[in-house]
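>>> the sequence isn't on hand, but the structure is:
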C-alpha cells in the first residue's frame, strides 16, 4: 500500500513538472511574439485556444455547441480579414461542425435524441450521389474541384438533423432565436457603423488582395452620380453581408410574431427589426432591399392567414406586425436624421436603378435580361449535356486553381440554374428541380399543421426563406446557396421547422381569453375588447 501511494505521488509530481514546463514554454513563446511584434501569430494562438475550448464544449453538450458554432460562423470572416485570408481560420468552422456531428452521432447511438425521419431524403439522396459521380467527370481538370463542390453543396446538410434534435422544449427554440438575433443585431449594427465611418472600419488596408477587392466595392447612382459604398460589416464581401441581411430580416420578423403570441419577451426582436431595417438601406446593394420589401408583403399576408384566431390571439399577431413596421420605420427615420448623407446616397442608388423605365434603371436588365442571358450561356458550352464536373462553377474554385498552379476554368456563368448545367449537365438541373420542390412541399405541409398555433410565424418564416434561397435566388446565381452562412442556416432551420409540430403538441402557452370567445376576426384584428 505504501508503495502504491508513493508511486501515485511520484506520477503527480511528474505530471506537475510537465505542466509547469508547458506553461513556461507558452509564456516564453508569448513574450517572444509580443516583443517581435508578431500580432498575427498571437491572434492565431488565441484563436487556437478558443477553438480547443469550443471543441471540448461541443463534446460535452452538442446542443449548446451548435449555438457556439453559429456565432463562430458569423464572425469568422472578421478574423480572416486581419490574418491575411488564413485558410486555417476558414476551415475552423468545418472542424467545429464536424465535432458536433460526431457528438450527435454518439448521443444517437445511445438513444438520447429523437431521430429526424427526412421526408424528402430520396430525391435529395439521388441528387447527392449524382453530384458524387460528377466529381469524376472526365472534363473536370482535377478531382479537387469536385471535392470543393461537394463541401459547398452538402457539408452542412446534416445540420437539419441536429436542428431537429436540439429542440426538446419551447425554451430551446427561444434560446436558439435569442442567440441568432442578438448576434445578428451586432453584425447588422456594425454594418451600419461601417457605412458611416468608412471602409477602414473593420477592414484593414493591408488585407489579402483577393479580400481587398471584395470589401472595397464602390458604386455610383446612374443619374445623380452619388458615391455608394457597398458595406461588408464583419464579412469579407458586401455580397455575403447582403445575403445575410435577407436571412436575418426574415428570421427576426417570424421570431417577433412567435414571441408575442407565446407572451415571451420580444424587446430584442423589435430592436433587431429597427437595426436590420437600417442595415438593409445602407448595404449599397439592391438584393436586400428588393427581397426584404417583397418578404414584408408575403409574410404579412401569411401571418394574417395563419394567425390563431380561434383561440382569440390573432390580434396579438396584428399588434406584432404593426409594431414591427413602426419600429422599422423609426430606425430609418433615426438613420435619416443622424446620417442623412449616407441614407441619401443609398436611396439615390436604389431608386434610380430600380425605377420602372427610369433613366439609368437596371430593373429589366437585372430581373430578366441578364439572368436569362447567363442561363443561355450555360447551354452554349460544348458539353452542357453531361457537364464539366461538380465544383467547376462553385465559389472558391480560385483557391483550387492557385493550389494546382493552373488558370481558372473558363466554364463559369452567373445563373444558378445555368451553373448546375455547367457542372452536372441537364440531368443535374432536373434533379435539383425535383428535390427542392419535394423539400418545399414537405415543409409546406408542416406549415399548414402549425396554423392556429404560436409557432406559425416562425414556421412560415423558415419555409419562406427556403423558397427564396433554393428557388428565387438560384435564378440569379448560385453564390447565395453556396455562401456558408446562408447554407448552414438553411439546413439548421429546416430541422427546426420539422420539429415545430412536436412543440405544438405540447400545451399552448397562452389560453384563449374569455372576452375574445365568439368575437369576429375583424374585431380581434383591431384588438376590440
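Received, thanks. Bear in mind the structure is a predicted one, so any value in this text is a computation, not a measurement. Numbers count the residues shown, from 1 in each chain.
>>> can you pull out the helices in the stretch 51-200 of the chain?
62-82, 87-90, 92-109, 121-134, 143-154, 159-165, 170-197 (DSSP state H, counting those that start in this stretch).
>>> out of the ones you listed, which is closest to residue 213?
Minimum separation from residue 213 across the helices of the stretch 51-200 of the chain (Cβ to Cβ) falls at helix 62-82, 12.9 Å. Glycine gets a C-beta too; all of them are placed from N, C-alpha and C.
>>> buried residues in that closest one?
Across helix 62-82, burial judged by 16 or more other Cβ atoms under 10 Å covers 62-63, 65-70, 72-74, 76-82.
>>> so of the helices of the stretch 51-200 of the chain, which one's packed in deepest?
Highest mean neighbour count among the helices of the stretch 51-200 of the chain (mean count of other Cβ atoms under 10 Å): helix 159-165, with a mean of 23.
>>> what sits up against that helix?
62-63, 66, 97, 100-101, 104, 107-108, 113-116, 118, 488, 491-496, 498-499 (Cβ atoms under 8 Å, 6 or more residues apart in numbering).
>>> one more time with 7 Å
Residues outside helix 159-165 that contact it (Cβ atoms under 7 Å, 6 or more residues apart in numbering) are 66, 100, 104, 113-114, 116, 488, 491-496, 498-499.
>>> buried subset of these?
Taking 16+ other Cβ under 10 Å as the criterion, what is buried in the contacts of helix 159-165 is 66, 100, 104, 113, 116, 488, 491-496, 498-499.
>>> and the residues you listed, which two are the farthest apart?
113 and 488 (19.5 Å).
>>> strands along the stretch 301-450 of the chain, start to end?
In the stretch 301-450 of the chain, no strands are defined using DSSP state E, counting those that start in this stretch.
>>> low pLDDT regions in it?
309-317 (pLDDT under 70).
>>> on that earlier part again, and the buried ones among the contacts of helix 159-165, which is closest to residue 177?
Nearest to residue 177 among those, with distances taken as Cβ to Cβ, is residue 496, at 9.4 Å.
>>> show me what the strand or helix carrying that closest one is packed against.
According to DSSP states H and E, residue 496 maps onto helix 484-504. Applying 3 or more Cβ pairs under 7 Å, 6 or more residues apart in numbering; DSSP states H and E, one finds that helix 484-504 contacts helix 62-82, helix 159-165, helix 238-261, helix 416-449, helix 456-467.
>>> residue 124: which of those is closest?
Nearest to residue 124 among those is helix 416-449 (4.7 Å), distances taken as Cβ to Cβ.
>>> and the closest one with helix 484-504, angle?
20 degrees (axes from the mean of the first three to the mean of the last three Cα atoms, to 10 degrees).
>>> what about helix 416-449, distance to the chain center?
Counting by Cα atoms, centre = their mean, to the nearest Å, helix 416-449 is centred 19 Å from the centre of its parent chain.
>>> buried stuff in that helix?
Residues 416-425, 427-429, 431-433, 435-436, 438-440, 442-443, 446-447, 449 are the ones in helix 416-449 that count as buried (16+ other Cβ under 10 Å).
>>> cool, stretch 318-332 as well?
Within stretch 318-332, the residues that count as buried by 16+ other Cβ under 10 Å are 318, 320, 321, 323, 324, 327, 328, 331, 332.
>>> next step: those restricted to helices.
318, 320, 321, 323, 324, 327, 328, 331, 332 (DSSP state H).
>>> what's around residue 199, how many residues?
Using other Cβ atoms under 10 Å, residue 199 has 18 neighbouring residues.
>>> tell me how far residue 238 lies from residue 290.
15 Å (Cβ to Cβ, to the nearest Å).
>>> then residue 218?
Note on residue 218: its distance to residue 290, by Cβ to Cβ, is 21 Å.
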